[in-house]
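Student: Take this sequence and fold it.
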Amino acid sequence: QVQLVQSGGGLVQPGGSLRLSCAVSGVILDYWAIGWFRRAPGKGREVVACMSSSEGTIPYADSVKGRFTISRDNAKNTVYLQMNSLKPEDTAVYLCNAAKWGMNYWGKGTLVTVSS
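Tutor: Residues are numbered from 1 along each chain as shown. Here you go, the predicted structure:
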């Protein structure tokens, strides 16, 4: 059974930082593409950052370029999203994803609120 367990969300002031984690079990993460998505209040789901299994390509949403960094620790089967210089418009539920060959698995989501 594949599970993605997220942690690290919460309330942060504008300009602050948070790191989200996504612990994956049931698959060997080395061979999977990974990604972070978000769903802001009243909006649809959008991609934040993705990383291929070879770590060769890391496309970021324009809105987070230079501020967010996706990474993976295959030894720990864990995916991270480091978020710096947070803005109120980054407020959303963040979801991690693991994908391979048409298979998609999702975390349950973690709320990030950026507010003073």
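Student: which residue is nearest the centroid of the protein?
Tutor: residue 36 (2.9 Å; CA atoms, centre = their mean).
Student: excluding its backbone neighbours, what's nearest residue 74?
Tutor: Among residues not flanking residue 74 along the chain, residue 30 sits closest, at 4.7 Å (CB to CB, 6 or more residues apart in numbering). Glycine gets a C-beta too; all of them are placed from N, C-alpha and C.
Student: Verify the contact between that neighbour and residue 53 for me.
Tutor: Yes. Residue 30 is within contact range of residue 53, at 6.7 Å (criterion: CB atoms under 8 Å).
Student: more crowded one of these two?
Tutor: Neighbours per residue (other CB atoms under 10 Å) separate residue 30 from residue 53, with residue 53 holding more: 16 against 12.
Student: so who does that one touch?
Tutor: Contacts for residue 53 (CB atoms under 8 Å, 6 or more residues apart in numbering) come out as 30-33, 100.
Student: switch to 7 Å and redo it
Tutor: The contact partners of residue 53, by CB atoms under 7 Å, 6 or more residues apart in numbering, come to 30-33.
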